[in-house]
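**Q** Generate a structure from the sequence data that follows.
(one chain, ligands or ions: 1)
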Amino acid sequence: MDYRLPNTVVPSRYAIRLEADLERTTFAGEQTVWVTVREPVTEVLLNAVDLEIHGVAAEANDGLTVEGTAHLDGAAERVRLLFASPLAPGEWRLRLRFTGVLNDRLHGFYRSTYTDAAGHSHVIAATQFESTDARRAFPCWDEPALKAVFSVTLVVPDGYAAVSNTQVVSENPVEGGRRAVTFADTIKMSTYLVAFVVGELEATEPVLVGKTPLRVWCVPGKRHLAGFAEEVGAFSLEFFERYYGLPYPGDKLDLLAIPDFAAGAMENLGAITFRETALLVDATAASHAELERVADVVAHEVAHMWFGDLVTMAWWNGIWLNEAFATFMELLAVDAFRPEWNRWVTFGVSRGAAMAVDGLWATRPIEFEVMAARDCEAMFDLLTYEKGASVLRMLEQHLGAEGFRDGVRLYLDRHRFGNAETTDLWKALGDASGEPIPEVMDRWIFHPGYPVVTAEPDGTGVRLSQRRFTYLEGEGADDGRWRIPVLVRAGVKRGIVEKPIMLADEPLTVTLPASPDWVVVNAGGHGFYRVRYAPALLKKLGAALGRIGPIDRFNVASDAFALVQAGSLPAPDYLEFTARFVNETDRNVWAALSGSFAYLNRVIGAADRPGLEALIRLRLATAADRLGWEPEEDEDELTRQLRGDLLRTLGTLGNDPAVQERARERFARHQESGIPVDPNVLPALIAILAASGGEAEYEEFVGRFKSARTPQEEQRYLFALAGFRPPELVQRTLELTVNGQVRSQDAPFLVRALLVGVHSREPAWEFVKVHWETMARQYPGSAYRRLWEGIAALVNPAWERDVREFFASRGITLGGKTLEQYLEQLRVAVRLQEREAGPLTAYLARPRRAAR
Ligand SMILES: [Zn+2]
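**A** Below is the predicted model:
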C-alpha cells in the first residue's frame with residue numbers, strides 16, 4: 001500500500017469551526033480547506049478516522065460548485081472524497097461537515113476530567129495529535145510536510161475558556177448561551193501541531209517576554225502552582241530567541257496543564273500542553289528532582305517552537321532530529337537557567353540509560369526508514385531523545401559551541417516555515433564550521449550501537465582501541481568502527497595534561513609526558529561510548545577518585561557495572577570496587593551506584609538479600625552520616641537532594657531499621673505538629689514508610705493520594721503504594737491499576753513499578769497475565785507499551801521461559817523493537833544470574849560490620 005497521500009491535491013489553508021459538547025462528549029465541525037488541484041481529479045484522498053463526514057462540496061474560484069460524497073476507510077485512516085465531475089487544475093475550496101466523539105484514550109480530540117474541591121466532576125476537551133491523530137479531530141492531510149495555515153473558531157459555552165495556537169481575534173455570542181471564539185491565522189505549519197483546549201480553566205496574568213505574552217493555564221484552584229513554570233518558560237523563550245537568532249514564531253505562548261495527558265508534554269505551537277506534574281509545582285515544597293523535571297520539560301517544549309514547529313522533519317524518520325535537538329537545547333537552557341544544578345552532569349544518568357538500550361542486539365539506529373507513519377510511534381524512546389541528544393552534544397563539543405550554534409542558525413534560517421532532513425542539518429553545520437560532518441556523524445546516526453574503548457598502559461602513555469559494546473556475545477561485534485572524538489586527561493607530576501584525539505579504525509597510543517598517576521578517557525563525559533580500563537589503570541583511578549570530576553566518576557562507576565552485566569568484570573570485584581566511593585558527594589554518582597545495587601538485588605536470591613543490604617548500608621554510611629537529616633544553613637540544592645536520595649536508599653534497598661525508625665518518627669512529627677521536613681527529604685520518608693509499613697500506613701497514603709494538594713504530592717503517595725511489601729497490600733495496589741481509581745496516564749507506570757519491585761514482582765506478573773487486555777483497552781498506547789519494561793525484572797530462568805511463552809502465545813507486539821529489547825534485557829539479567837549467583841552468594845555471605 002502507499003504510505004503517503006498522493007500529491008495531486010495539496011492544502012494551503014484550513015478554516016475550521018468546531019464545537020465540543022462536553023456533556024454528551026461529542027463534537028461537530030465544519031471546515032473549508034483551500035487546496036491546489038494539480039491535475040484533473042474526481043477523487044480527493046486525505047486522512048480521517050473515527051469521524052462521520054456529512055457534507056462534501058468543492059467550490060472553484062469562479063463560483064462553480066461540485067457536490068461530493070465521502071467514503072471512509074477505517075483501517076487506512078483515510079477518506080476518499082468522490083465528485084460527480086472532475087475538479088480542474090487550479091485553486092479550489094473544499095467544504096466538509098463532520099462529527100466525532102471525544103474519546104477517553106488521550107489522543108485526537110479527547111476528554112479529560114477533574115473533580116473540584118466541592119466534589120463536582122468537570123470535563124475538559126483537549127487535543128493530542130502527534131504523531132498521526134489530527135485526523136481524529138478534523139479531516140486533513142495529516143503528514144508533516146503538508147504544512148498549511150490554520151484559522152480556528154471554537155464555539156464554547158459562556159464561562160468556558162477556549163485556547164488554540166494563536167491569539168483570540170474575536171468573540172461573538174451564539175444563541176443558547178454560547179460564544180464563538182476566533183483565533184488569528186497560524187504560521188504555515190504541520191497538522192500535528194494544531195491544538196484545541198476547551199474547559200473551565202484559569203490562566204495566570206500574562207507576562208511579556210519581548211513582544212510575546214506568556215501564560216500558564218490550569219484547572220481552577222491551582223494557579224498558585226504556576227509561578228515556577230512561568231519563570232522557566234519566560235527564561236527559555238528569551239534564551240532561545242538569542243541562541244537561534246530568530247524571533248519566536250508565534251504571537252503568544254500558553255502553557256496548559258491538562259489533568260489527563262499521555263505523554264509528558266506536547267509542543268503545539270503557542271499552546272503547549274503538559275501533564276500536571278510537568279508544569280504545576282509548589283516551588284517551596286518540591287524536591288530538587290521535581291523542580292528539575294518542570295524546568296526540563298518546559299525548556300524542551302519551548303525549544304521545539306523553532307526546532308520542530310518552525311522547521312519540521314519532512315517525514316517521521318526525522319523525528320529523532322526533532323526530539324534529540326529539543327533535548328539537547330533543553331539541557332543547554334536549563335544549564336543557563338540554574339548553572340548550580342550542573343545539568344550536564346545529571347545528563348550522565350540519561351546517557352547511561354540510553355546506553356543500556358543501545359548495548360542490546362535489539363537496538364536500532366537513531367534514524368531508520370519509516371514507511372507507515374504509525375511505525376514511528378516506537379521511536380519515542382531513549383535512543384531518539386537521549387542517545388540523539390548525546391551525539392549532538394558530542395558534536396557540539398567537537399565543533400565548539402559557537403560553530404555549532406552558527407550552523408543551527410543557518411539551518412533554521414534556510415528552512416523556516418518548511419521541512420528538512422538530517423542531511424540538511426549536517427550541511428548547515430558543515431557550511432558554518434568548515435568541517436566534514438557526515439564523515440564523523442553518520443555512523444552514530446545510521447548504525448546501531450556504540451563502542452567500548454579499551455585503555456591499556458603502553459610505555460608512559462595509554463593505548464586505545466575500540467569495538468562495539470554489547471551485553472551478550474554475538475556475531476558482528478567487530479564490524480565497523482566509529483569516529484570517536486576522545487579527550488584523554490591524565491594526572492602527572494606537574495599537574496594535569498589533556499589530549500584530544502580522533503580514534504578511528506586503528507588503535508592509537510596517546511603519549512603522555514611522564515608515567516601518569518591516573519588516566520581518564522572520555523574526560524568531561526561528552527562521548528557516547530564506554531571505557532574499559534585495564535586492571536592496572538582502573539586500580540589507579542579508584543585511588544584518584546577525589547581528583548577527577550563528578551561526570552568522570554559517574555562514568556567510572558557506570559561503565560564498570562556495564563562490564564559486569566556484559567560478563568567481563570566479576571560482580572564481586574565490582575562490589576568490592578564500590579568501596580572506593582564511600583566519600584562520594586555527587587548525587588549522580590550515587591544514582592549509578594544505587595542503581596547497580598538495585599539491579600543486583602533483583603538478580604540474587606532472597607537468602608542473599610540480608611548480605612546485600614548490609615553491604616549497601618556500609619557503602620552509604622559515611623556519606624549519609626556526613627549529611628545527617630537536616631540541611632545546613634546555606635546548603636546547595638544538589639546536596640539537599642543527595643541527602644534525600646541516600647536516606648531513601650538506606651531505608652528501602654538497605655532495609656536499615658534505624659533509618660526506618662527515624663523516618664517514621666519524623667513523618668509523624670511532621671504530620672501531627674507541623675514540624676517542617678526538607679522538601680528533598682519528605683519524598684524519601686514517604687518511600688521508606690511504604691517499604692517498612694503495614695495497613696495503617698497504606699490507608700493513610702491512599703487517603704493522601706486522593707486529597708493531595710499538588711501534582712507532586714499526588715505522585716509521591718501514589719507511587720509509594722507500589723513499595724508496600726505485605727502481599728495483601730500488593731494485591732490492593734494491583735487492583736487499583738484497573739479499577740478506574742488511578743488515572744490511565746499513571747496506572748501503567750504503577751504496574752511497571754510493581755513488576756520491578758522484588759517483593760511485588762511475582763504477584764504483579766500473575767496479575768498482568770490475567771488483566772493485560774483490560775490494560776490495553778484502558779491505557780493510552782504509549783504508556784501501555786512502557787508498563788512492559790517491568791518484565792526485565794523477572795530475573796530467573798523459569799520466569800524468563802514463562803514471559804517468552806506468554807508473549808509468543810498471545811501474539812502481543814509493542815511496535816518497533818520494543819518487546820525484543822525488553823526480552824533481551826531480561827536475558828542479560830538471567831545470564832548474569834547464571835554466571836554470578838554462586839560467587840555473589842559467597843561474597844555477600846562475608847561478615848560485614850554493621851555500619852550504623
Ligand atoms: Zn519533544
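
**Q** make it CA atoms for all contacts and neighbour counts henceforth
**A** Noted.

**Q** any low-confidence regions in this protein?
**A** Applying pLDDT under 70 to the chain flags residues 1, 849-852.

**Q** Buried residues, the lengthiest helix in it. List them.
**A** Longest helix of the chain, by residue count under DSSP state H: helix 818-844. Residues 818-833, 836-837, 840-841, 843-844 are the ones in helix 818-844 that count as buried (16 or more other C-alpha atoms under 10 Å).

**Q** Repeat that for stretch 509-529.
**A** 509-510, 512, 515-516, 518-529.

**Q** so how far is the longest helix of the chain from its chain's centroid?
**A** Mean-position distance between helix 818-844 and its chain equals 26 Å (C-alpha atoms, centre = their mean, to the nearest Å).

**Q** swap in stretch 304-312?
**A** Counting by C-alpha atoms, centre = their mean, stretch 304-312 comes out at 18 Å from the chain centroid.

**Q** Contacts for it next, please.
**A** Stretch 304-312 has contacts (C-alpha atoms under 8 Å, 6 or more residues apart in numbering) with 144-145, 189-190, 193, 248-249, 267-270, 322, 325-326, 412, 415-420.

**Q** Would you mind listing the residues in contact with the nearest residue to Glu695 once chain neighbours are set aside?
**A** Once flanking residues are discounted, Glu695 sits nearest to Leu729: 7.2 Å by C-alpha to C-alpha, 6 or more residues apart in numbering. Contact analysis of Leu729 by C-alpha under 8 Å, 6+ apart lists Gly694, Glu695, Tyr698.

**Q** Which of those residues sits closest to Glu59?
**A** Closest approach between the contacts of Leu729 and Glu59, by C-alpha to C-alpha: Tyr698, at 64.5 Å.

**Q** The closest one sits in which helix or strand?
**A** Using DSSP states H and E, Tyr698 falls within helix 695-706.

**Q** What helices and strands are in contact with that helix?
**A** helix 682-691, helix 711-720 (3 or more C-alpha pairs under 8 Å, 6 or more residues apart in numbering; DSSP states H and E).

**Q** Same question for it: list its buried residues.
**A** Buried residues in helix 695-706, defined by neighbour count with 16+ other C-alpha under 10 Å: Glu697, Tyr698, Phe701, Val702, Arg704, Phe705.

**Q** rewinding a little: tell me which of the contacts of Leu729 is nearest to Ala263?
**A** For these, the nearest to Ala263 is Tyr698 (28.3 Å; C-alpha to C-alpha).

**Q** hang on, Thr384 is in a helix, isn't it?
**A** Yes - looking at Thr384 with DSSP: H, G, I helix; E, B strand; the rest coil, it is inside a helix.

**Q** From Tyr717, how far off is it?
**A** Here Thr384 is placed at a distance of 31 Å from Tyr717 (C-alpha to C-alpha, to the nearest Å).

**Q** So for the two, which residue has more residues nearby?
**A** Neighbour count, other C-alpha atoms under 10 Å: between Thr384 and Tyr717, Thr384 has more, with 27 against 23.

**Q** Contacts only, for the more buried one.
**A** Taking C-alpha under 8 Å, 6+ apart as the test, what Thr384 contacts is Ile319, Trp320, Leu321, Glu323, Ala324, Ile366.

**Q** again with Glu19
**A** By C-alpha under 8 Å, 6+ apart, the contact list for Glu19 reads Phe27, Ala28, Gly29, Leu154, Val155, Val156.

**Q** ditto for Glu238
**A** Glu238 makes contact with Val209, Gly210, according to C-alpha under 8 Å, 6+ apart.

**Q** ok, it to Pro247 distance?
**A** Relative to Pro247, and taking C-alpha to C-alpha, Glu238 is found at 9 Å.

**Q** now swap in Glu728 and tell me
**A** Distance of Glu728 to Pro247, computed by C-alpha to C-alpha: 57 Å.

**Q** What of Phe380?
**A** 28 Å.

**Q** Kindly report the same for Asp50.
**A** 38 Å.

**Q** any idea which helix or strand carries Phe150?
**A** Judged by DSSP H and E, Phe150 forms part of strand 149-157.

**Q** Now do that strand: which elements does it pack against?
**A** strand 9-21, strand 178-183.

**Q** which one of these lies closest to Gly100?
**A** Closest among the helices and strands packed on strand 149-157, using C-alpha to C-alpha: strand 9-21, at 9.2 Å.

**Q** what are the C-alpha coordinates of that closest one, in PDB please?
**A** What follows is strand 9-21, C-alpha atoms only, in PDB (Å, rounded to 0.1, in the frame of the first residue of the first chain):
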ATOM      1  CA  VAL A   9      -4.300  17.800  -4.400                       C
ATOM      2  CA  VAL A  10      -2.500  19.700  -1.600                       C
ATOM      3  CA  PRO A  11      -3.900  22.000   1.100                       C
ATOM      4  CA  SER A  12      -2.700  25.600   1.900                       C
ATOM      5  CA  ARG A  13      -5.200  26.800   4.400                       C
ATOM      6  CA  TYR A  14      -7.800  25.300   6.700                       C
ATOM      7  CA  ALA A  15     -10.600  27.300   8.200                       C
ATOM      8  CA  ILE A  16     -12.100  25.100  11.000                       C
ATOM      9  CA  ARG A  17     -15.100  25.800  13.200                       C
ATOM     10  CA  LEU A  18     -15.500  23.200  16.000                       C
ATOM     11  CA  GLU A  19     -17.900  22.800  18.800                       C
ATOM     12  CA  ALA A  20     -17.500  20.300  21.600                       C
ATOM     13  CA  ASP A  21     -20.500  19.100  23.600                       C
END
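
**Q** Kind regards, and thank you for your time.
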